[in-house]
Each structure stands twice: as C-alpha cells, then as structure tokens.
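1. this one's sequence-less:
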C-alpha cells in the first residue's frame, strides 16, 4: 500500500519550498481580493452590500481579463527565468504591462458608457442600481491601476520573489482600510461620503500600489526591467508566439468571469435577500480562494522553472507530489469553513434574521465548493505551467457554461426552486465534474512541455 502512494509523497524541502512561496503569494492574492471584500464589509455597516456587490461584477470581469493577460505571458516569463534568458524576460514583462494598460482602459470605457445597462441586467431594484452607479462612477478609475498591478505581481511570482508584491500589497490594503474608515463614516473631520468613500479608498489603494511598484522595480534594478527598447520593442514572431497561448487563457477568464456574473443574474431572480446572502458567502469564499490561488501560483512557478530548464522528469515528479498535498488542503478547508460558518457570517452586520440564516447555510455549501476548487486549481497549475491551455479552458469555463450555469437557470426557471441554498448546492455538480475530468487530463502528462525552445528562432 505504501509503495503505491510513495511516488505522491515528496521530500520535506519540496513542501517547504512550496509553502514558503505559497503563503506570500496567497496573502498577496488575498490582498488583491481584499479591496472588494473590505468595501463590502465596511459598506455592510451602512446597508449597501448589494449595491457594491452588483457594481463589483464589472471589476470582476476587469480583474479576470487583466489576470489572464498577465498570467498568459507569465507562462513564458517563468520558463525564461528557468532558462536564464533575461533578454526575453524583459520583453515579456513590457508586453504584460502594455496589454494590462489597454485592458484597464477598455473596462474603464465599458463602465463609463454601459454601467447603467450592466447593473440593470443583474438587478431590477432601482435604489440598488442608483447606489451602484454612484460607486461605479468613482471606482472605475481603479481599473487602470488594477490591470497593470497584475503584470508586476505575476512577474515577481515568476522570478520567485513573491514577498515583494506581498509587502507592497500590505501597504496598499492599509491605505484602503484607513481611507475607507475616514471617508465612509466621516471621522476626524473628513466628509462623510458613504459608498463614494469606499470607491475613493479602492482607487487610492491601487494607485499607490502601482507607484510603489514602479519606484521599487527601477530603483532596485530588477532583472525584468530595462531600457524602453529592451521592454517595448518586439520581434513580431515573439509577440505572436506569446499571444497564441495567451488567447486561450484570456478566452477562458473572460467567459469564466462573465459566467460567474450570470450566477448573480440567476440568484437575483430569487430576491434581494437571497442575493445579499450569496454576496456574503461569496466574499468569505474569496479569502480561501486567495490561498488556493497562492498555492496554485507557487506550484506553477516551481514546475514552470523545471520545464524551462528542460527537466521534464523533475516537473512530472513535482506534479505527483502535489496530488496528496491538494487532497490534504481541500479536506482542511472544508472542515474549517463548514464549522466556522456562523462566526464568518457574523463579521457582516446583517440586519435581517432571514438573510443571516440563509448566509449561514450558503457558507456551508461554499465549504464544499472551496474544497473542490482548492484541489482543482492545484491540478490547473501544472496544466498552465506547460501551456496546456485549451484543455484548461474546457475544464474551467467549459464546465461552468456546460453544467453550472444551465443548472442554475433550470433550477430557478423550470423547477421554480425558491431556496438560494438548494439552487447553489445543485450547481456544485460543476465542480465535481471538473475534478474528475481534470484528473484524467493531468494523468495524460501532455502538459509537461518546455516552451522556451520555440523561441530559439526569434531571438534578436
């Protein structure tokens, strides 16, 4: 029995390396998510959870597509680092910054022109829409900074310096908390701006993060920064090869992000109270997703370096070590979230007893989703490290659109189920299928590919 599981148990130093990277990456990911979590938590004290939560759907799409662009390029960045090809590393970072800025501008434009129509798509409550637009009219400026932040964060992850992004993230989250505290409630002589104060705090936090990133990166002469010609002048063969992989990830994140917001549309049909309970559960889940993504990013970096160094055998061994680790993390998360649901919900000062009860139950269902997602993202890390993005797209957004979203709307429209908890539980079939098919794809080993070899002919 032990001989069968022995290949899945790695040496102590491997887990120490994964944990040493995953914890700062998870905290950094949590900090990025915390902008929305803090806004939702603090505005819950003034009864504006639904307005901010609905307006944040646009930020979700901006964040998803910005991350996809940076992460798609980051697949090559980490392998360039493993191959010690710093010339291409600089170009990949420059391209990531440029595309991030364009992505932020696109979502700023969409929020400006179509903000009202987008909010009306998710909810029909005129008061919620009005307050959501008030928040959106300010917070949309943060999209420009948020998109570029991902370029820095993922590049630091790729060169195995996640602590830099973590420290800068901590600074920005403190700015967010302090600004929110002063401007939402009007303390110490500051104007009491309510929901507008939350939006201003988010903008200031993301803006300060970019400023600190740029000063530190250039002052400390990080290996991914250089002259303008080194970062922003490209051989078009280079751009095409990078974007060919990035398109798949962008497609996945765009459809996954939009699909996530369609659940809001389905759940919104059950009423404002049901939607408020879901928002609370969703915000709690983001904390745990952050750490899941932290482990996923650490694994992608470690496996990607091995692939870039053309050590395919080592990359496959590392992938096996992560299977048992993923199961352990998933079980631990489920047990904690399920048993601590009441405590977690109590952090949000909800006035309605019905909403509190539904929120408690839905967080217990989220415990299952978090556990399954924790396992899945670790599988996805290996697929992404080797550029197996078409399969990843099918497993991620494909499962959502093929199983999760239809189940949500069928449950509400066809079977007229009026319990948000029961509908959400039915939707978890999506996660179960993702685990089954993800394991099958992973076991085929097609993800173990050295991508740097395809750039030998396009080096200048």
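-> It's in. In this text, all values refer to a predicted model and were calculated from it rather than measured experimentally.
2. Would you map the helices across the stretch 101-250 of the chain?
-> Here the stretch 101-250 of the chain has its helices, by DSSP state H, counting those that start in this stretch, at 126-139, 142-158, 162-185, 195-219, 228-232, 236-268.
3. Dump those helices to CSV, plus mean pLDDT, distance to residue 295 and mean neighbour count.
-> In short, each C-beta sits where N, CA and C put it, glycine included. Conversion of the helices of the stretch 101-250 of the chain to CSV gives the following (pLDDT from 0 to 100; distance: least, CB to CB, whole Å; neighbours: other CB atoms under 10 Å):
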stretch, mean pLDDT, distance to residue 295, mean neighbour count
helix 126-139, 82, 29, 20
helix 142-158, 87, 12, 26
helix 162-185, 84, 12, 20
helix 195-219, 88, 23, 20
helix 228-232, 80, 30, 14
helix 236-268, 79, 19, 19
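4. Reformat those helices as a markdown table; add distance to residue 356.
-> Formatted as a markdown table, those follow (distance: least, CB to CB, whole Å):
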| stretch | distance to residue 356 |
| --- | --- |
| helix 126-139 | 20 |
| helix 142-158 | 31 |
| helix 162-185 | 22 |
| helix 195-219 | 22 |
| helix 228-232 | 51 |
| helix 236-268 | 17 |
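5. out of the ones you listed, nearest to residue 354?
-> Nearest of these to residue 354, taken as CB to CB: helix 236-268 at 15.1 Å.
6. wait, which of the helices of the stretch 101-250 of the chain is closest to residue 314?
-> For residue 314, the closest of these is helix 142-158, at 17.8 Å, according to CB to CB.
7. Just want the angle from the closest one to helix 126-139.
-> Counting by axes from the mean of the first three to the mean of the last three CA atoms, to 10 degrees, helix 142-158 points 60 degrees away from the direction of helix 126-139.
8. ok so, going back, which one of the helices of the stretch 101-250 of the chain lies nearest to residue 116?
-> Among these, helix 126-139 comes nearest to residue 116, with 6.1 Å by CB to CB.
9. Quick check: which helices or strands does the closest one pack against?
-> If contacts are counted by 3 or more CB pairs under 8 Å, 6 or more residues apart in numbering; DSSP states H and E, helix 126-139 sits against helix 49-82, helix 86-122, helix 195-219.
10. so residue 374 touches residue 327, yeah?
-> No. The criterion here is CB atoms under 8 Å, and residue 374 misses it with residue 327 at 9.5 Å.
11. if you count what's nearby, which of those two comes out ahead?
-> Between residue 374 and residue 327, counted using other CB atoms under 10 Å, the more crowded position is residue 374 (25 against 15).
12. I'd like to know how far the more buried one sits from residue 366.
-> 12 Å (CB to CB, to the nearest Å).
13. Next, count neighbours for residue 418.
-> 13.
14. In three-state terms, label it for me.
-> Here residue 418 takes the coil state, with states given by DSSP: H, G, I helix; E, B strand; the rest coil.
15. ok, it - contacts?
-> residue 270 (CB atoms under 8 Å, 6 or more residues apart in numbering).
16. again, only using 10 Å
-> 269, 270, 271, 274, 411, 412 (CB atoms under 10 Å, 6 or more residues apart in numbering).
17. What of residue 390?
-> 245, 248, 249, 251, 252, 383, 398.
18. can we see that at 8 Å?
-> residue 248.
19. What's the end-to-end length of stretch 118-136?
-> End-to-end distance for stretch 118-136, by CA to CA, to the nearest Å: 11 Å.
20. so what's residue 381 scoring on pLDDT?
-> Here the pLDDT value assigned to residue 381 is 77.
21. That should have said residue 31, apologies.
-> Note on residue 31: pLDDT of 66.
22. for the protein, which spans come out with low pLDDT?
-> 1-8, 10, 21-22, 25-26, 28-50, 308, 387, 450-460 (pLDDT under 70).
23. from memory residue 53 sits against residue 281, does it?
-> No. Assessed by CB under 8 Å, residue 53 is found out of contact with residue 281, at 11.1 Å.
24. returning to that earlier point: between the helices of the stretch 101-250 of the chain, which gets nearest to residue 301?
-> Here helix 142-158 is closest among these (CB to CB), at 5.6 Å.
25. How far does that closest one sit from its chain's centre?
-> Computed by CA atoms, centre = their mean, to the nearest Å, the chain-centroid distance of helix 142-158 equals 12 Å.
26. what packs against it?
-> Under the contact criterion of 3+ CB pairs under 8 Å, 6+ apart, helix 142-158 touches helix 12-44, helix 49-82, helix 86-122, helix 162-185, helix 195-219, helix 272-308.
27. OK, contacts around residue 356?
-> 345, 350.
28. quick one: it from residue 275, how far?
-> 14 Å.
29. Quick check: buried residues in the helix or strand in which residue 318 is found?
-> According to DSSP states H and E, residue 318 maps onto helix 312-339. Buried residues in helix 312-339, defined by neighbour count with 16 or more other CB atoms under 10 Å: 314-323, 325-326, 329-330, 333-334, 337-338.
30. And stretch 385-404, by the same measure?
-> For stretch 385-404, the neighbour count (16+ other CB under 10 Å) marks 385-389, 391-401, 403-404 as buried.
31. Just the endpoints, please. Distance across that stretch?
-> Length of stretch 385-404, first residue to last, CA to CA: 26 Å.
32. can you check stretch 333-348 too?
-> Taking CA to CA, stretch 333-348 runs 21 Å from one end to the other.
33. what sits up against that stretch?
-> With CB under 8 Å, 6+ apart as the test, stretch 333-348 has contacts from 40-41, 44, 49, 280, 283-285, 288, 292, 356, 359-361, 363-364, 366-368, 370-371, 374.
34. rerun that using 7 Å as the cut-off
-> Outside stretch 333-348, the residues that touch it by CB atoms under 7 Å, 6 or more residues apart in numbering are 41, 44, 280, 284, 288, 356, 359-360, 363-364, 366-368, 370-371, 374.
35. can you tell me how far residue 292 sits from residue 366?
-> Taken as CB to CB, the span from residue 292 to residue 366 is 13 Å.
36. repeat for residue 410
-> For residue 410, the distance to residue 366 equals 21 Å [CB to CB].
37. what do you get for residue 184?
-> Distance, residue 184 to residue 366, by CB to CB: 26 Å.
38. Closest to residue 86 out of the contacts of stretch 333-348?
-> Comparing the contacts of stretch 333-348 against residue 86 with CB to CB places residue 374 closest, at 34.0 Å.
39. Where does the closest one sit: helix, strand or coil?
-> Going by three-state DSSP: residue 374 is helix.
40. Now for it: which residues touch it?
-> Going by CB under 7 Å, 6+ apart, the list of residues near residue 374 reads 292, 326, 329, 330, 333.
41. at 8 Å what do you get?
-> 288, 292, 295, 326, 329, 330, 333.
42. follow-up on the earlier one: will you turn the helices and strands packed on helix 142-158 into a markdown table that also has distance to residue 234?
-> Output for the helices and strands packed on helix 142-158, formatted as a markdown table (distance: least, CB to CB, whole Å):
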| stretch | distance to residue 234 |
| --- | --- |
| helix 12-44 | 28 |
| helix 49-82 | 12 |
| helix 86-122 | 6 |
| helix 162-185 | 25 |
| helix 195-219 | 20 |
| helix 272-308 | 20 |
